[in-house]
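1. Can you look at this prediction? I've put the sequence above it.
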Amino acid sequence: MNPKITMGLRILFGVFCLVFGLNKFLGFMPFPAIPGDGGTLMGIYATSGFLKIIGVLEILGGLALLLNKFVPLALTILVAIMFNAFLFHALHDMANIGGAVLGLLLGLILVYANKNRFSDLLSA
């Protein structure tokens, strides 16, 4: 993959994660109401501190991507978070799945672009 495209996607994903991580602390983008079990689960995440932990991981991962440091580690953590966000929205909140899809796609594209750095992890 073209290094300039990879750099642009890395920066875009880094900003994406940094913004959503900071939002978990600053609340500048309010969370939409989620009906049913999804809303109950999100309430548990919020009151238990789980969302704060995810926010810290998103902030640190986003900064790592922006600084081009520890990129494979950051991608491993962030893609796992995006996959879980995608599953949550697919099962409980399809109307708001767009951000999770975008984050997961950006992360997976970057994993593919850095596949040589993941070769040991992906070997049998």
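-> Looks like it came in fine.

2. Please count neighbours and contacts with C-alpha atoms only from this point.
-> OK.

3. For the chain, which segments count as helices?
-> 3-26, 36-48, 50-67, 71-92, 98-113, 119-122 (DSSP state H).

4. Restricting to C-alpha, output the last one in CSV.
-> In CSV, the C-alpha atoms belonging to helix 119-122 read as follows (Å, rounded to 0.1, in the frame of the first residue of the first chain):
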residue,chain,number,x,y,z
SER,A,119,3.6,-11.8,10.7
ASP,A,120,4.8,-13.4,14.0
LEU,A,121,1.4,-12.9,15.6
LEU,A,122,-0.4,-14.4,12.6
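
5. What is that helix packed up against?
-> Packing partners of helix 119-122 (3 or more C-alpha pairs under 8 Å, 6 or more residues apart in numbering; DSSP states H and E): none among the helices and strands.

6. Spatially, which residue comes closest to A46, not counting chain neighbours?
-> K52 (7.7 Å; C-alpha to C-alpha, 6 or more residues apart in numbering).

7. Tell me the spacing between the one you found and L41.
-> As judged by C-alpha to C-alpha, to the nearest Å, K52 and L41 stand 15 Å apart.

8. tell me which helix or strand of this protein sits lowest on mean pLDDT?
-> Among the helical and strand segments of the chain, the one scoring lowest on mean pLDDT, DSSP states H and E is helix 119-122, with a mean of 80.
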